[in-house]
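Student: Attaching a predicted model along with its sequence, questions to come.
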Amino acid sequence: MSRQILVSYMTTVIGLTSIVTTQTAATPELKAKGSVYDSNIIIQLNRYLGGEEATLADKPALSFKFSNGSSDDVCSIITTDNYLRHSNNRLENINLSEPNFYFDCIWNDSYYFLSNRYRTYAEVIIKQPDSEFPMSMHIEAKLVSVTGDKATIISGDIPLKRVKP
């Protein structure tokens with residue numbers, strides 16, 4: 001077994017504090033898929049690109065697309081109409097436990113998704129409109145790619161009205 005040196009430090013991104021661990025001497029044992037040492041990117045969403053009718057598990061659904069301004073990098077929410085209506089303004093899927101709500105991203109030419117083999121989740125808080133603010137969504141998620149790379153997705157409250165580029 002080769003010698004390994006790990007460095008941990010704390011980082012704060014928009015009020016989200018996490019401990020980041022980097023390795024300075026790569027070893028095959030540490031790069032195993034699913035370990036905390038896999039690559040990790042942070043995706044900040046801030047723009048609503050639009051929505052459309054869709055289907056999920058052969059049920060009527062709605063699809064919403066978000067980005068950070070780049071036309072090629074997109075995250076998508078898809079939820080059945082029934083789940084959306086009865087969710088009490090909170091959509092949640094932990095390790096693919098909820099068949100009526102799905103979240104994924106295509107970012108930097110990589111596909112990130114929910115999985116039941118890795119610790120993944122997606123949570124969307126829906127804020128209802130009032131006289132001053134339109135309906136908005138707040139998104140948090142941890143996704144994985146087919147290569148085991150991880151992505152942390154965060155957003156502020158994103159208004160559900162299309163912003164022209």
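Tutor: Perfect, thanks for sending it.
Student: Look up which helix or strand the residue most central in space within the chain falls in, please.
Tutor: Using Cα atoms, centre = their mean, the residue of the chain that lies closest to the mean C-alpha position is residue 141, 3.5 Å off. Per DSSP states H and E: residue 141 is located in strand 136-145.
Student: Excluding covalently adjacent residues, which one is nearest to residue 55?
Tutor: residue 61 (5.5 Å; Cβ to Cβ, 6 or more residues apart in numbering). (C-beta placed from N, C-alpha, C; glycine too.)
Student: Same question for residue 100.
Tutor: Among residues not flanking residue 100 along the chain, residue 83 sits closest, at 3.6 Å (Cβ to Cβ, 6+ apart).
Student: just residue 43 next, same as before
Tutor: Excluding the flanking residues, the one nearest residue 43 by Cβ to Cβ, 6+ apart is residue 153, at 4.6 Å.
Student: Any idea what the one you found is bridged to?
Tutor: Beta-bridge pairing for residue 153 (DSSP bridges): residue 43, residue 141.
Student: Residue 123 now?
Tutor: Beta-bridge pairing for residue 123 (DSSP bridges): residue 92, residue 140.
Student: hang on, the earlier thing: against which helices or strands is the strand holding residue 141 packed?
Tutor: Packing contacts for strand 136-145, counted by 3 or more Cβ pairs under 8 Å, 6 or more residues apart in numbering; DSSP states H and E, involve strand 59-67, strand 74-80, strand 101-107, strand 110-113, strand 121-127, strand 150-159.
Student: Take the ones you listed and write them to JSON lines, including distance to residue 44.
Tutor: Formatted as JSON lines, these follow (distance: least, Cβ to Cβ, whole Å):
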{"stretch": "strand 59-67", "distance to residue 44": "10"}
{"stretch": "strand 74-80", "distance to residue 44": "11"}
{"stretch": "strand 101-107", "distance to residue 44": "11"}
{"stretch": "strand 110-113", "distance to residue 44": "14"}
{"stretch": "strand 121-127", "distance to residue 44": "15"}
{"stretch": "strand 150-159", "distance to residue 44": "6"}
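Student: With mean pLDDT as new columns, can the ones you listed be given to me in JSON lines?
Tutor: Below are these laid out as JSON lines (pLDDT from 0 to 100):
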{"stretch": "strand 59-67", "mean pLDDT": "96"}
{"stretch": "strand 74-80", "mean pLDDT": "97"}
{"stretch": "strand 101-107", "mean pLDDT": "97"}
{"stretch": "strand 110-113", "mean pLDDT": "96"}
{"stretch": "strand 121-127", "mean pLDDT": "97"}
{"stretch": "strand 150-159", "mean pLDDT": "96"}
